[in-house]
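**Q** the sequence and its predicted three-dimensional model are supplied below.
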Amino acid sequence: MSPSPCLVWFHRDLRLSDHPALREAAAARRPVIPVFIWSPEEEGRWRPGKASRAYLLGSLKQLEKDLQAAGSRLVIRKGPSKKTLGELIEEIQAGAVYWNRRYEPALAERDEKIRTTLEGQGIEVRTFNASLLFEPEEIQTGSGGPYRVFTPFWKTCRAKPEPSEPLPRVRKIPSPDRWPRSLKLNELTLETGKEKPGIPALAPLRVGEKAAAKRLKAFLDRAISNYAEGRDRPDWDGVSRLSTALHFGEISPRQVWHAVKSWITTASNRLAKESANGFLRQLGWREFAHHLLFHYPHTPARPLRAEYEKFAWRDDPAALRAWQEGRTGYPIVDAGMRQLRETGWMHNRVRMIVGSFLVKDLLIAWQQGAEWFWATLIDADLANNTLGWQWVAGCGADAAPFFRVFNPVLQGRKFDPEGEYVRRYVPELKKLSTPHIHAPWKAPAKVLSDAGIELGKNYPAPVVDHAAARIRALRAYERLGSAERNPIQL
DNA sequence: TGAAATGTTGGGGCG
DNA sequence: ACGCCCCAACATTTC
């Protein structure tokens, strides 16, 4: 009698290398059935947005091909996870289900319930860590609680044993005698959402596990040695751009970690080594984001610092739309927002600038920014998105103090000094000379007309005056502070 | 992973 | 020679 099949339930681990669930199942010499279940309603408000779904579709296509090359298939289903798994188990008489864990609160809870149910039915369940260097519970403060400040969090992580080496790629996957039925990928209708905006065009060659490995190699070959400077330069190709691949698990943080570590040992100069360590620290922020989300599950919607619940945000749909569409009149902000719409991605430095602008210059609630990013980013990740917005709004863990207001003109001049980034995404300003590129409203009339720009006609005048908006933001923050000191008695 | 306001210092012009 | 003022340049404080 042949051993019962094992289901390998794919989540955000769309790869064949360093995939513990698949590796263990394949090593057990029992038939393996890789399955992907589309059940977005189980993610509640934070079901994948439009851009994310478009990328997911591409990534699943690549995974299908890669599984086929290993002699296997990807079984695709949709419906409630527990019910769908139950049906599959029944159909193929599976004896085991393996998966790599997810840590988003709703999903972690769902998966634990499924585990309990399956185990109650006598099914073997094994789960693994494939998407973090350090799992949320294993890092604790001296008093046993979660961290709220990055530096001590990361220090504790670094004091632990190194993350384990990545597992080798699974090359041959044992097949069952009979495959269960499967949907076609396009039957998941991942691309048909009606909500705005449209989806970015994705080049298939840039999606999937192989593309992710290439991206990492290219980063190590070129940009990492100058990452200390390059990470802040949206006009350069100075960052890894691995966020999307990491979110979908086309590459694992362990793979990135060890590749960078070994690069450091071969690097010759001190600056390059420091740059690479700075990049590892960025992986630490990703860990920290997951740690926080796990321990403070309410934070995608509500501030970690409770006093910010009372902050008097403005409701301003017109300004919000101007921000979303890249029509604020501040070139660096508009360039970022248009890069986001056109490509589904934005440089991190610019994410901070546009975030600060929404929250502080426009005084619009950070949650509205988080929702827009969620809909438009191909790398949308609940942990990272939550941390980023709470950081910029000053209401999160280890956040920028509220009075730290980015000046979009100075930031533009500092990090896009030639204006190349602005000109790439805001073509109306293409002919404007560099000294004026970040503040067109201050350019002499002749300079503007020579560049073919008519403010308010083919490029907007600033939606707010930054100096005045900054003061307004500080006032709003001040009121929050005084309310805190002198709470209204009920 | 700011920026603006305010304070300090030191060189040079000048009476 | 000296004090005074101006004002960068830099440092510190404040928001």
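**A** Cool, the structure landed.
**Q** count residues in the vicinity of the residue of the stretch 1-150 of chain A found nearest DNA strand C, would you?
**A** Closest contact between the stretch 1-150 of chain A and DNA strand C, by CB to the nearest atom of the strand, is at A:Val149 (18.0 Å). (Each C-beta comes from the backbone N, C-alpha and C, glycine too.) A:Val149 has 11 neighbouring residues, counting by other CB atoms under 10 Å.
**Q** could you find the closest non-adjacent residue to it?
**A** A:Asp398 (4.8 Å; CB to CB, 6 or more residues apart in numbering).
**Q** and the one you found, backbone torsions?
**A** Backbone geometry at A:Asp398, expressed as degrees, to the nearest 10, gives phi 50, psi 30.
**Q** ok, A:Leu271 next?
**A** Here A:Leu271 shows phi and psi, under degrees, to the nearest 10, equal to phi -60, psi -40.
**Q** contacting residues around it?
**A** For A:Leu271, the contact set (CB atoms under 8 Å, 6 or more residues apart in numbering) comprises A:Ser225, A:Ala228.
**Q** quick one: A:Leu363 and A:Arg472 touch, right?
**A** Yes - applying CB atoms under 8 Å as the test, A:Leu363 and A:Arg472 come out as touching, 6.7 Å apart.
**Q** so where is chain A shaky, pLDDT-wise?
**A** Applying pLDDT under 70 to chain A picks out residues A:1, A:193-197, A:205, A:482-490.
**Q** interface residues of it facing DNA strand C?
**A** A:Pro401, A:Phe403, A:Arg404, A:Leu474, A:Glu478 (CB under 7 Å from any atom of the strand).
**Q** for the residues you listed, work out which two are farthest apart.
**A** Using CB to CB, the residues of chain A next to DNA strand C span at most 14.6 Å, a distance reached by A:Arg404 and A:Glu478.
**Q** gap between the residue of the stretch 301-450 of chain A found nearest DNA strand C and DNA strand B?
**A** Closest approach between the stretch 301-450 of chain A and DNA strand C, counting by CB to the nearest atom of the strand: A:Phe403, at 4.0 Å. Distance, A:Phe403 to DNA strand B, by CB to the nearest atom of the strand, to the nearest Å: 5 Å.
**Q** how far is stretch A:377-395 from where the chain is centred?
**A** Offset of stretch A:377-395 from its chain centre (CA atoms, centre = their mean, to the nearest Å): 8 Å.
**Q** re earlier: scan the residues of chain A next to DNA strand C and report the most crowded one.
**A** A:Leu474 (14 neighbours).
**Q** where's it, which helix or strand?
**A** Per DSSP states H and E, A:Leu474 falls inside helix A:466-485.
**Q** could you give the separation of that helix from the chain centroid?
**A** 30 Å.
**Q** next: stretch A:419-439.
**A** 28 Å.
**Q** report all helices and strands that the one helix or strand A:Arg424 maps to contacts.
**A** Assigned by DSSP H and E, A:Arg424 belongs to helix A:420-425. In terms of contacts (3 or more CB pairs under 8 Å, 6 or more residues apart in numbering; DSSP states H and E), helix A:420-425 is packed against helix A:331-343.
**Q** now the element after the helix it packs on, going C-ward?
**A** helix A:348-356.
**Q** how about that next one: buried residues?
**A** A:Asn348, A:Arg349, A:Val350, A:Arg351, A:Met352, A:Ile353, A:Val354, A:Gly355, A:Ser356 (16 or more other CB atoms under 10 Å).
**Q** what's next to it, contact-wise?
**A** A:231-234, A:239, A:323, A:332-333, A:335-337, A:339, A:346, A:366, A:369, A:373, A:388-389, A:392-393, A:404-406, A:408, A:411-412, A:415, A:421.
**Q** so which residues of chain A form strands?
**A** A:6-10, A:32-38, A:75-78, A:96-100, A:124-128 (DSSP state E).
**Q** in JSON lines: the ones you listed, plus mean neighbour count.
**A** Shown next, in JSON lines, are those (neighbours: other CB atoms under 10 Å):
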{"stretch": "strand A:6-10", "mean neighbour count": "26"}
{"stretch": "strand A:32-38", "mean neighbour count": "24"}
{"stretch": "strand A:75-78", "mean neighbour count": "20"}
{"stretch": "strand A:96-100", "mean neighbour count": "23"}
{"stretch": "strand A:124-128", "mean neighbour count": "16"}
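**Q** how about CSV for the ones you listed, with distance to A:Arg206 added?
**A** Below are the strands of chain A laid out as CSV (distance: least, CB to CB, whole Å):
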stretch, distance to A:Arg206
strand A:6-10, 20
strand A:32-38, 21
strand A:75-78, 22
strand A:96-100, 23
strand A:124-128, 27
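**Q** among these, which comes closest to DNA strand B?
**A** strand A:96-100 (26.0 Å).
**Q** note down every partner strand of the closest one and its orientation.
**A** Strand pairing for strand A:96-100, using DSSP bridges, gives strand A:6-10 (parallel), strand A:124-128 (parallel).
**Q** which parts of chain A belong to which domain?
**A** A:1-130, A:132-165+A:209-295, A:306-482 (automatic domain parsing).
**Q** how far away from the center of its chain is the second one?
**A** So the one you mean is domain A:132-165+A:209-295. With CA atoms, centre = their mean, you get 14 Å for domain A:132-165+A:209-295.
**Q** A:Phe402 versus the residue lying closest to the residue of the stretch 301-450 of chain A closest to DNA strand C once chain neighbours are set aside, what's the distance?
**A** In space, and not counting its chain neighbours, A:Phe403 is closest to A:Leu474: 6.0 Å by CB to CB, 6+ apart. For A:Leu474, the distance to A:Phe402 equals 8 Å [CB to CB, to the nearest Å].
**Q** quick check: the gap between A:Ala375 and A:Val149.
**A** 31 Å.
**Q** er, A:Tyr103 actually
**A** 20 Å.
**Q** go on, A:Pro253?
**A** Distance from A:Pro253 to A:Val149, by CB to CB: 21 Å.
**Q** same question, A:Ser225
**A** Relative to A:Val149, and taking CB to CB, A:Ser225 is found at 30 Å.
**Q** likewise A:Val359?
**A** Relative to A:Val149, and taking CB to CB, A:Val359 is found at 21 Å.
**Q** what does chain A have sitting close to DNA strand B?
**A** A:150, A:232, A:282, A:285, A:348-349, A:352, A:391, A:400-401, A:403-407, A:410-411, A:414, A:467, A:470.
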